[in-house]
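Colleague: Build me a structure from this.
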Amino acid sequence: MTRDHVAINKAVWEADAANWEEIGARLWSMEAPVWGNWNTPEETLNILPEDMRGKAAIELGCGTGYVSGWMTQRGAEVTAIDVSPQQLATARQLAQTHGAAIDFLEGNAEATGLPDASFDFAISEYGAAIWCPPEVWLREAWRLLKPDGALVFLGNHPLSLICSPLNGAPCDRQLHRPYKDMWGADWTKVDFEPSGVCFNLTIADWMALFAEIGFAVTRYQEVYAPEWAKGTRAAIPAEWAKTYPMEQVWHLKKPA
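Modeller: Next up is the predicted model:
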């Protein structure tokens, strides 16, 4: 990957920011967290620690900041970083509305500039999890975490990518891309809903990268669409996602 994915993805999110204001407001107002494209309940995935009092947490690629808001509700002291000023403007407004004290930073989650070993918990729901090269942002997350700190991230399942047509049409039940040596996809010039440059790996390559950096995997989850789901979200049809995993959640630990 040689194109400037940071500038490309920043431009995408700046242009799309207004479309996320209503979604962000709705998610900020949720009584309990929901995750991913089909709003999988927190009680199903158990992504956030139940009690985060006294914990320093960081969200890498926060968008409108609703995940950070959920963490403040659980008692965490939260820092959130995003590359898009427009997304951060929405996040700051919503945080003010909900009385959440969050330190929002404009910057690249691949190189935050924050001190080493500053956080007990790091998270990315999409955000850095798909828009940044794994070999870069995961090392930054490792650097930011204290010993015994945890990282959780949710993003597209690699199967959803290899079943996506090259023209950007919704994924189907055929294999359109090689699985071997997967790195992600450039969606900037596709025919259907062009966007930015996203990243993904094979399951084996994710595991190898975690081991190389030093992370221990504590849990891995594959997420399907619920039975009530209809239509298509983020180019993934509900009927496809009821039988194939559309998303994955990695739970990692930095050893003490």
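Colleague: can you list contacts of the lengthiest strand in the chain?
Modeller: Identified as the longest strand of the chain according to DSSP state E is strand 145-156. The contact list for strand 145-156 (CB atoms under 8 Å, 6 or more residues apart in numbering) reads 35-36, 47-49, 117-126, 128-130, 138, 141-142, 198, 200, 215, 218, 223, 246-256. Just so you know, the C-beta spots here come from the backbone N, C-alpha and C atoms, and that holds for glycine as well.
Colleague: again, but for stretch 107-117
Modeller: By CB under 8 Å, 6+ apart, stretch 107-117 touches 6, 58, 60-61, 79, 81-83, 105, 124, 127-128, 132-133, 136-137, 140, 143-147, 149.
Colleague: returning to that earlier point: show me how far the longest strand of the chain is from its chain's centre.
Modeller: Distance, stretch centre to chain centre, for strand 145-156: 11 Å (CA atoms, centre = their mean, to the nearest Å).
Colleague: In its sheet, which strands sit next to that strand, and in what direction?
Modeller: Using DSSP bridges, strand 145-156 pairs in its sheet with strand 119-125 (parallel), strand 247-253 (antiparallel).
Colleague: which residues of the stretch 1-150 of the chain fall in helices?
Modeller: For the stretch 1-150 of the chain, the helices defined by DSSP state H, counting those that start in this stretch cover 5-16, 21-28, 42-45, 66-73, 85-97, 128-131, 134-144.
Colleague: okay, the strands paired with strand 145-156 in CSV with distance to Pro237, mean neighbour count and mean pLDDT next?
Modeller: Formatted as CSV, these follow (distance: least, CB to CB, whole Å; neighbours: other CB atoms under 10 Å; pLDDT from 0 to 100):
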stretch, distance to Pro237, mean neighbour count, mean pLDDT
strand 119-125, 21, 24, 98
strand 247-253, 14, 21, 98
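Colleague: Including distance to Lys180, could the ones you listed go into TSV?
Modeller: Below are the strands paired with strand 145-156 laid out as TSV (distance: least, CB to CB, whole Å):
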stretch	distance to Lys180
strand 119-125	26
strand 247-253	18
